[in-house]
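Asker: Please find the sequence and the predicted model below.
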Amino acid sequence: MTYTARDEWEQHFSDGKNFRQVGERERELLAEHTSAPDGDDRALDVGCGTGELAAYLASLGYTVDACDFADSALARAREEHADVEGVRWLHLDIERDDPAPLHEEGYDLITLRLVFPFVQDRGRVLHGLGERLRDGGVLVVITPVAATMPEERRGIALDEDEIAVLDAGWETVERLDADGLAVLVLRGPCHADTRAVEKRPTTAHALTGALAVVTDDAGRVLLGQSRRGMLELPGGKTSGPEDFAAAAVRELAEETGLVADPADAYVVTMLVDDSHGIPRLTAVVRITAWTGTLTNAEADKFDRWEFVDLYALACVGDVFVPAALAIDSVWPGVIPDLPPVVSYPLAVDRPPVPGEPGEAVRLRQAMAQTVIDGDWAPSEPVRDALRTVPRHRFAPGVNLAAAYDGGDRAVITRRDETGTAISSVSAAWLQADMLESLRLQPGAIVFEAGSGGYNAELIAHVAGPEGRVVSVDIDPWVVRRTRAFLTEAGSGRVTAVEADAPLGAPAHLVPRGGFDGSMITYNCWDISPAWREQLAEGGRLVLPLEMGGYTRAVTFERRGEVLHARRFTYCGFVRDQGQQARPAAVVPLLDGALALCFDDGPVADTEGLEEALRGRRHEVATGVTMGANSYFGSLQLYAATSLSGFCRLVAHQDPEEGVTGIAKDRDAPAIIGEASLAYLIHVQTKDGDSPQGKEWEWVVRAFGEQGPEFAERLVATVRAWDSYIRADANDEHADPVLTVHPAGTPDGALPAGDVLDKLHCRLVFRWPGRDVVLPGPVERPVSDVVAEGV
């Protein structure tokens, strides 16, 4: 009964055959070593067969999902246990199918009875099931033991080495015996951090070899659990005049039984390091196609071969150093904390490698629909890009659910030494919104600043077969990663360049007449002259622009030397790392309990301000109120761009401990003068059982001799906002008419309005109510609102 094919199991159950019945001792151990259900407990029985164990779990009080890949088994289960309530019979191959039918909230108990020896990718399956356990949940594996099995039935059992591998990565493991069956009770999945390790020293003078990087039709990478206690890629030494690609193909066949054509083997990188002081040269060979059935052809060297999810590679335990480095050359960053190596990427022309699980397709469609339902992707080209471009292949370090989160979640792909995010895959709705703002036509050539691959491929998809994208990033690692992912899963229409983005694209990549569109994907304090100069007349530039400390993705259209704002979207991005990076000037107050942030303009004199903050507080109510979930981002931007002496007051202590009432680690719009300060906060004035019954009022608080005067200025600002800018609907607030002029433009040549000077440009804001025409409304995400209970 060592079947491997689904049709064999279908026939097995159709013929009326069974598994070994659930014994009394098994029932006793399950009841004794798992928590008694409390009415809400869920169980998952994997490989349920004809449903005997699932029915028993239901009798204990569990709500049970029982899955099997054999229709004939499930048909018998439904018939034989027709009177059992609380069981869902699911047709599901836990190893290969999309797990969509499984309960989203997870399980308190997961059982695999007489199933685990038949699983090919055991590590991946166990990892995935462990992720589905609720807090305090238990996973139970019941299996025959090889030592008690005759040789001809060895395939239905686990030996001690296999059991040891199964046990690894769990906080607690109990091994029990049920009439000769091993009952393994596993709690607390604590996947072991990946560690790159060496083999024992060699007597050779130098080492050379080739490693094969092979993926299956779901994009998982092939790894072998070696007898040395580490994971390895297929590969080995070259033989005679054999080239590296041929060596990788030969070793793949000898070790795993998989067959590849040398024409489908590409040497992509040469790695130079050492092993115990011995020089080592490793060729990384990417194999793009193969045939055959995976087997363990060299059982004296390997325990088994499995395909492993890329996102799980950060927690698989020990990996042979060259294998870890080879994987990093194809998917940079999926294995952290690698030893140093000298890498020589080779410029080989190879095709992208297809492969994704059905779950990725489903989640991508769901993500796209979420973005579409939010009205962020009204055009069909952008919608099609969201449905088509495989986002998870540009974020292989996270699981599929995280990669395809359709909400506000960005996928962080790189952090600096302080833990601050410096590179990410942005939230899908924001990428769609910015892409829509470009209004690209087929064949468009687009500049992107801030690389990663996915956003550039969205742009390329919208631009079509004749379009092209030039993506620039200052971080060499980000560029290497982007190029690697584009090679694996790209369209071939994106060029990644290492350069400081404010300098623009290299001259030879700038099209005659300029780019049709440009997108900047990091927070910008300033607008680089190169971005305007390399943009075609009438072309659009979309960038997250910081104005007084508040960021908006602003869509500009070029008209001569002037950029005209056409659209605003509330957003946040990682900070600029290049020559235009400008951290806000911060002045601490009251031993760090407060701080003033000067995002634009000079730092004001704060002499005497601390003394004022210890004095009497002046307070003025504005009379302007708002309910729960009200948008006030427009007020922040209005104040920041229309008030002289503007800054942000940041609190670093709880409100009840300080003098300001500002929530800890939050900021408030403020203006500062001679030993005086006024700032704006909202104070709850009505409470209720529902959000509709709650209300907040904008209040100005001030300190110092000039505090009352500053307070009146802020009160007037709030009331003007309420009269001319605010709207009943969050997405109908008015935006300013904004134009951007080159630095050095004389005041007399600027239009009327409030001027905000940057290093390379001058921004002129003309707000409604300040003698200008009211502009049209724009959409904004619901995330920029007053949270209930603020």
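Answerer: Ah, there it is.
Asker: Quick one: find the helix or strand in this structure with the lowest mean pLDDT.
Answerer: Ranking every helix and strand in the chain by mean pLDDT, DSSP states H and E puts strand 421-425 at the bottom, with a mean of 73.
Asker: Give the next helix or strand downstream of that one.
Answerer: Note on strand 421-425: by DSSP states H and E, the next helix or strand toward the C-terminus is helix 428-438.
Asker: Dead centre of the chain: give me the residue that sits there.
Answerer: With distances taken as CA atoms, centre = their mean, the residue of the chain nearest its centroid is Val411 (2.2 Å).
Asker: residues touching it, list them.
Answerer: Applying CB atoms under 8 Å, 6 or more residues apart in numbering to Val411 gives the contacts Ala395, Val398, Ala402, Ala403, Asp405, Ser424, Val425. Backbone N, C-alpha and C define where each C-beta goes, glycine included.
Asker: Same check on Trp767?
Answerer: Tyr638, Thr641, Ser642, Tyr724, Ile725, Ala734, Pro736, Gly753, Asp754.
Asker: shouldn't the fifth one be in contact with Glu732?
Answerer: No: if you go by CB atoms under 8 Å, Ile725 and Glu732 don't touch, sitting 10.3 Å apart.
Asker: buried stuff in the helix or strand encompassing Leu74?
Answerer: Assessed by DSSP H and E, Leu74 sits inside helix 71-80. By 16 or more other CB atoms under 10 Å, the buried positions in helix 71-80 come out as Ser72, Ala73, Leu74, Arg76, Ala77.
Asker: so how far is Leu535 from the nearest residue to Pro742 once chain neighbours are set aside?
Answerer: In space, and not counting its chain neighbours, Pro742 is closest to Glu561: 5.7 Å by CB to CB, 6 or more residues apart in numbering. For Glu561, the distance to Leu535 equals 11 Å [CB to CB, to the nearest Å].
Asker: Show me which of these two is the more surrounded one.
Answerer: Leu535 (24 against 12; other CB atoms under 10 Å).
Asker: got a list of what the more buried one touches?
Answerer: Counting by CB under 8 Å, 6+ apart, Leu535 has contacts Phe447, Gly514, Phe515, Gly517, Ser518, Leu541, Arg558.
Asker: Please read off the pLDDT at the fourth one from the model.
Answerer: Confidence at Gly517, expressed as pLDDT, is 98.
Asker: count of neighbours near it?
Answerer: For Gly517, using other CB under 10 Å, the count is 27.
Asker: Quick check on it: phi, psi?
Answerer: Gly517 adopts backbone torsions of phi -160, psi 160, taken as degrees, to the nearest 10.
Asker: From Cys571, how far off is it?
Answerer: Separation of Gly517 from Cys571 (CB to CB) stands at 18 Å.
Asker: which one among the buried residues of helix 71-80 gets closest to Leu596?
Answerer: Using CB to CB, Leu74 is the member of the buried residues of helix 71-80 that lies nearest Leu596, at 67.0 Å.
Asker: Would you check that the closest one makes contact with His81?
Answerer: No: checked against CB under 8 Å, the pair Leu74 and His81 is beyond contact range at 10.7 Å.
Asker: what is in contact with these two at once?
Answerer: Contacts common to Leu74 and His81, judged by CB under 8 Å, 6+ apart, are Gly51.
Asker: Please enumerate the strands of the stretch 651-790 of the chain.
Answerer: According to DSSP state E, counting those that start in this stretch, the stretch 651-790 of the chain carries its strands in the segments 667-673, 676-686, 695-703, 737-742, 754-757, 761-766.
Asker: Throw those into TSV and include distance to Arg175, thanks.
Answerer: Output for those, formatted as TSV (distance: least, CB to CB, whole Å):
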stretch	distance to Arg175
strand 667-673	56
strand 676-686	57
strand 695-703	59
strand 737-742	69
strand 754-757	69
strand 761-766	69
